[in-house]
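Asker: kindly generate the corresponding structure for this input.
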Amino acid sequence: MTTIDSISDAIDRHSAAPMYDQLRQLIVDGIERDGLQPGDPLPGEHRLCERYGISRTVVRQALAQLEHEGLVERVKGKGTFVSRPRTSESLVHTLVGLYDDVERRGGHVHSDVLRHERTTADEEVALALELPVGSPVVALERLRHVDGEPWSLSTTWMPDAVGTPTLGADLTEASLYRLLADNGVVATHGVRSAEATVATHEQAQLLGVSAGSALLRLRSVSRGADGAPMEYFIAYHRGDRSRFEFQLQQEQSQASLLHVDGDGGASPAGTVG
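Answerer: Presented below is the predicted three-dimensional model:
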């Protein structure tokens, strides 16, 4: 099996760059040069220490950085391996949906529709959609797959007038937002938030991860040109397969800083761009 054991570059101890950063770059260069693929093993900590004459702390810093960047995966008791690249998602700071976000990068999204039905709004959904509790809404629950791998678990609620035209539509290989646009419903603005959480047993089974694994939870309310909410969704994304990107500008904020109070509530401390 291919490895990067042939790396012969040395650590420059006189360089201003930290040794762990030099090692990180040597590993990246070796992966690219040797054409390593996801799942291919990398040298262990002990071998890297011996080869470069560096401490285990330096090696662990380099590997931790690579793992954070999604380039390697460390498996306890087995070693370090080249990981599958994460999908960079811009879902937090734009109104684009997962389907369109992945499609424009050449990927493929398939959805298992777990529930698509008319129901009534509970207190949370009613508050988000600015409807009386008990109002009719359309709920759509989907397990989303990116390039054949379970990626996210999402539930979308729509006011009855918005969601009714979607009932009966085949959304396994289609975009909900495009379907809504075909019916004259287009999101023009909204608010999205992201927070860390862990997978429940049921979520873990659907997403193909272990219970307690890291997930990213997105909450979103999108509004149409008239200012009325058109959808509310909660989506749970696998933390090991997603990386959310933010486009920042000096004079325009793209997100608001929230202050979380002692009761778990949040209040805006800035404006959303």
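Asker: name the helices or strands packed onto the lengthiest helix in the chain?
Answerer: Criterion DSSP state H: the longest helix present in the chain is helix 19-33. Secondary-structure packing of helix 19-33 (3 or more C-beta pairs under 8 Å, 6 or more residues apart in numbering; DSSP states H and E): helix 56-68. Quick note: C-beta positions are derived from backbone N, CA and C, even for glycine.
Asker: and the angle from the longest helix of the chain to helix 56-68?
Answerer: Inter-element angle recorded for helix 19-33 and helix 56-68: 50 degrees (by axes from the mean of the first three to the mean of the last three C-alpha atoms, to 10 degrees).
Asker: tell me which residues in helix 19-33 are buried?
Answerer: For helix 19-33, burial by neighbour count (16 or more other C-beta atoms under 10 Å) applies to 19, 20, 22, 23, 24, 26, 27, 28, 30, 31.
Asker: and the third one, what does it touch?
Answerer: Listed by C-beta atoms under 8 Å, 6 or more residues apart in numbering, the contact partners of residue 22 are 11, 12, 15.
Asker: pretty sure residue 158 sits against residue 230.
Answerer: Yes: contact criterion C-beta atoms under 8 Å: residue 158 and residue 230 qualify, at 6.7 Å.
Asker: the two: which is more packed in?
Answerer: Neighbours per residue (other C-beta atoms under 10 Å) separate residue 158 from residue 230, with residue 158 holding more: 25 against 22.
Asker: most neighbours among the contacts of residue 22, which one?
Answerer: Highest count within the contacts of residue 22 by other C-beta under 10 Å belongs to residue 11, 16 neighbours.
Asker: three-state assignment of that one?
Answerer: coil (DSSP: H, G, I helix; E, B strand; the rest coil).
Asker: numbering from 53 from now on, please.
Answerer: Done: numbering now begins at 53, and the last item shifts to residue 63.
Asker: now it, nearest residue through space, not along the chain?
Answerer: residue 104 (4.9 Å; C-beta to C-beta, 6 or more residues apart in numbering).
Asker: the one you found and residue 178, how far apart?
Answerer: According to C-beta to C-beta, to the nearest Å, residue 104 stands 60 Å off from residue 178.
Asker: what of residue 197?
Answerer: For residue 197 relative to residue 178 (C-beta to C-beta), the value is 31 Å.
Asker: buried ones in the host helix or strand of residue 202, by neighbour count?
Answerer: When elements are assigned from DSSP states H and E, residue 202 belongs to strand 201-211. Neighbour-count burial for strand 201-211, counted by 16+ other C-beta under 10 Å, picks out 202, 203, 204, 205, 206, 207, 208, 209, 210, 211.
Asker: what's the first helix or strand after it?
Answerer: helix 212-215.
Asker: okay, now the residue nearest to residue 63: neighbour count?
Answerer: By the criterion of other C-beta under 10 Å, residue 104 has 19 neighbours.
Asker: among the contacts of residue 74, which one sits closest to residue 260?
Answerer: residue 63 (38.4 Å; C-beta to C-beta).
Asker: what ranges do the helices span in the chain?
Answerer: Going by DSSP H, the chain shows helices at 71-85, 97-104, 108-120, 150-155, 175-181, 212-215, 228-234, 253-259.
Asker: could you export those as a markdown table, including mean pLDDT and distance to residue 287?
Answerer: Formatted as a markdown table, the helices of the chain follow (pLDDT from 0 to 100; distance: least, C-beta to C-beta, whole Å):
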| stretch | mean pLDDT | distance to residue 287 |
| --- | --- | --- |
| helix 71-85 | 88 | 31 |
| helix 97-104 | 90 | 36 |
| helix 108-120 | 87 | 23 |
| helix 150-155 | 59 | 8 |
| helix 175-181 | 95 | 14 |
| helix 212-215 | 96 | 17 |
| helix 228-234 | 91 | 12 |
| helix 253-259 | 94 | 11 |
